[in-house]
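> Kindly return the folded structure for what I paste below:
(one chain, ligands or ions: 1)
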Amino acid sequence: MLSVTNLATALYCKRKLFIEKVLRLKKIPKESLAKGKVRHAAYELVNKEDESIVRTIRKKTEFPELLLFYKKKHLQCLQNALLQHKGELKEVNLALPDVFKQSWPSLYRETKERAFHVFSFMEKHQVYGEELWQLLTPKIDSEVKIVSEELLLTGIIDQVWHYEDETIPYELKTGSAPLKGVWPSHSIQIGSYILMLQNIQENAKKGYVKYLDIQESREVFLNPFLEDKILATRDAVVTMIETRELPDRTSNKKKCDSCEFKAQCYDEKVMDAEMKKLQN
Ligand code: SF4
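A predicted model of the protein is given here:
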């Protein structure tokens, strides 16, 4: 079994996947990684909080009041996420208040969107509390584990949005977004999740990559071209693991700047020693 993130890493840089999966070297902690973990944790907590927030709305509520309620809850989620990852933040010398200041604006945009969605739904259907929660769509699950024996793939989907007649996977990404569409490694990741959801009989045709820094969700459809690419990448990764040959460095040096293995990858002595250990 391969994880879907292995395919995404292979598209980013085959050598990176080899260092991670075959040589099993330790990642050097990076600020961006620690900040990304905090934001993922905050979104997960926000999702888990949704049900209790909605059930608490027992009567007609004006939008400013609802927004304030959501804001309080989501601020608490972010604080808890920071505490969950305070060790990793300390390791890269990041202060909790600074990460809070950087993370809150994009989470607050999400807060406003959710509060508005619930408010509109409530206004339209005139239902509250338990009834509102039962009727409300989409329901969102976080960190959904998925396994496909047939595709030989496993993964954890950041969010799965359940509508009455459709299931939509979402991947949350920190860092830069391309001008249009999504990065190839993100496309293969979300495409794989759509394929795996189809495999367990879910009605999934498309997914989204949500770029948190710009708060934009970009759509990805699973077409035959993307499906072929997913399967070809999976097979290439299996071959790479079996042959145990160290792939060349990526030609796009910009990728190396944000790579957690850069120090080891460019150190010929380290790489030679690791390859010798592997061959023995
Ligand atoms: S430093 Fe560059 S070439 Fe090396 S593994 Fe990372 S992305 Fe690939």
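> ok, which residues in the stretch 1-150 of the chain are in contact with the ligand?
In this structure, the stretch 1-150 of the chain approaches the ligand at residues 13, 15-16, 19, judged by Cβ under 6 Å from any ligand atom. C-beta: built from backbone N, CA, C; applies to glycine.
> Please repeat the previous calculation with a cut-off of 5 Å.
Contacts of the stretch 1-150 of the chain with the ligand, taken as Cβ under 5 Å from any ligand atom, map to 13, 15-16.
> Among the residues you listed, which lie within helices?
Judged by DSSP state H, the subset of these located in helices is 15-16.
> If any of the residues of the stretch 1-150 of the chain next to the ligand are buried, put those into a ChimeraX selection.
This is the ChimeraX syntax for the buried subset of these, where burial follows 16 or more other Cβ atoms under 10 Å:
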select :13,15,16
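> buried ones in the longest helix along the chain?
Criterion DSSP H: the longest helix present in the chain is helix 96-125. Applying a neighbour-count criterion of 16+ other Cβ under 10 Å, one finds 99-100, 103, 106-108, 110-111, 114-115, 118-119, 122 buried in helix 96-125.
> As JSON lines, those with pLDDT would be great.
Converted to JSON lines, the buried residues of helix 96-125 look like this (pLDDT from 0 to 100):
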{"residue": "Val99", "pLDDT": "96"}
{"residue": "Phe100", "pLDDT": "96"}
{"residue": "Ser103", "pLDDT": "94"}
{"residue": "Ser106", "pLDDT": "90"}
{"residue": "Leu107", "pLDDT": "93"}
{"residue": "Tyr108", "pLDDT": "95"}
{"residue": "Glu110", "pLDDT": "90"}
{"residue": "Thr111", "pLDDT": "95"}
{"residue": "Arg114", "pLDDT": "93"}
{"residue": "Ala115", "pLDDT": "96"}
{"residue": "Val118", "pLDDT": "95"}
{"residue": "Phe119", "pLDDT": "96"}
{"residue": "Met122", "pLDDT": "94"}
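> So which of these is the closest to the ligand?
Val99 (24.6 Å; Cβ to the nearest ligand atom).
> separation between that closest one and Leu83?
11 Å (Cβ to Cβ, to the nearest Å).
> again with Ile146
When distance is defined by Cβ to Cβ, Ile146 is 29 Å away from Leu83.
> Tell me which of those two has more neighbours.
When neighbours are counted by other Cβ atoms under 10 Å, Ile146 and Leu83 differ, and Ile146 comes out ahead with 19 against 13.
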